[in-house]
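>>> Sequence isn't available, so here's the structure alone:
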């Protein structure tokens, strides 16, 4: 097996329009390049990120448990991202904090999915 990287990360959401608003207007993703009522896929450098809604609307207990999945969006200025998120009323779990060669910040989207931002040093 020759795994070359991660192609698509997808996250389950309850309300596609609310989720799109959060990811596009709070986090600043561009409009999705692929969109259906139950799928929105965004093109990022080197990968794709998607939101999906189950055809039978998920209840909060059917969404992934907080802490079960983790993914990071890489940013160029984590301090500026922290300021923008705070201004938008996003509850920050921790950070930005310095780790081993990077800075990390964690928060949740509107469905409770944990999201991390990472800024690598250098």
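All right, it came through fine. Computed from a predicted model, the values in this text were never measured in an experiment.
>>> Give me the domain ranges for the chain.
Following automatic domain parsing, one gets these domains for the chain: 1-57, 66-122.
>>> who does the closest residue in space to residue 39 that isn't next to it in sequence bridge with?
Distance criterion C-beta to C-beta, 6 or more residues apart in numbering; nearest residue to residue 39, sequence neighbours excluded, is residue 52 at 5.2 Å. All C-beta atoms are positioned from the backbone trio N, CA, C, and that covers glycine. Counting by DSSP bridges, residue 52 is bridged to residue 12, residue 39.
>>> if we can go back for a sec, export the domains of the chain as TSV, with columns for mean neighbour count and mean pLDDT.
Listed next are these as TSV, based on neighbours: other C-beta atoms under 10 Å; pLDDT from 0 to 100:
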stretch	mean neighbour count	mean pLDDT
domain 1-57	14	89
domain 66-122	14	89
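>>> which ones are touching residue 29?
Counting by C-beta atoms under 8 Å, 6 or more residues apart in numbering, residue 29 makes contact with 23, 42, 44, 49.
>>> So which of those residues are in strands?
Judged by DSSP state E, strands contain the following of the contacts of residue 29: 42, 44, 49.
>>> give me phi/psi at residue 84?
Here is the backbone geometry of residue 84 (degrees, to the nearest 10): phi -60, psi -40.
>>> Could you pull up the residues touching it?
So, once contact is read as C-beta under 8 Å, 6+ apart, residue 84 ends up touching 26, 28.
>>> element containing the closest residue to residue 71 other than its chain neighbours?
Leaving aside its chain neighbours, residue 71 sits nearest to residue 9 (5.1 Å; criterion: C-beta to C-beta, 6+ apart). Following DSSP states H and E, one finds residue 9 within strand 8-12.
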